[in-house]
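Novice: Just need the structure, nothing else, for what follows:
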Amino acid sequence: MDSENLHRRLKKIIGQINAIDRMIDEDIPCEQILMQVNASKSALHKVGHIIVEGHLEHCVKDAIDEGDADDALGDISSILEYYSRI
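Specialist: Numbers count the residues shown, from 1 in each chain. Here you go, the predicted model:
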């Protein structure tokens, strides 16, 4: 997993959240605030996607390579179930 990429993305999201907080105090129109909320939500969803992708490429692949296909499939199922709730 590319932790530098994830940290960079998370710092950007933190900045977006702080900006939303300031926008509320500055009485910015709701539509503009909601646009920023949606952008932050999308960015956070992308972080989750990157984490899932990395888990599949490394942990699940390693389990399959080691002959633990049943465990790997169970893991994939759990991840998909959890991630689909987001």
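Novice: Excluding chain neighbours, give the residue nearest to Ala69 in space.
Specialist: Ala63 (7.4 Å; C-beta to C-beta, 6 or more residues apart in numbering). Any C-beta I mention is one placed from the backbone N, CA and C, and that applies to glycine too.
Novice: okay, which residue is most central for the chain?
Specialist: Gly48 (2.1 Å; C-alpha atoms, centre = their mean).
Novice: my read: that one touches Arg85, true?
Specialist: No: under the criterion of C-beta atoms under 8 Å, Gly48 makes no contact with Arg85, lying 10.8 Å away.
Novice: To what extent is Cys59 buried, counted in neighbours?
Specialist: When neighbours are counted by other C-beta atoms under 10 Å, Cys59 registers 15.
Novice: Next up, the contacts around it.
Specialist: Cys59 sits next to Asp75 when contact means C-beta atoms under 8 Å, 6 or more residues apart in numbering.
Novice: same for the longest helix along the chain, what does it pack against?
Specialist: Longest helix in the chain by number of residues, with DSSP state H as the criterion: helix 30-55. Using 3 or more C-beta pairs under 8 Å, 6 or more residues apart in numbering; DSSP states H and E, the elements in contact with helix 30-55 are helix 3-25, helix 69-84.
Novice: and the last one with helix 30-55, angle?
Specialist: If I follow you right, that is helix 69-84. With axes from the mean of the first three to the mean of the last three C-alpha atoms, to 10 degrees defining the directions, helix 69-84 sits at 180 degrees from helix 30-55.
Novice: Right, I'll leave it there.
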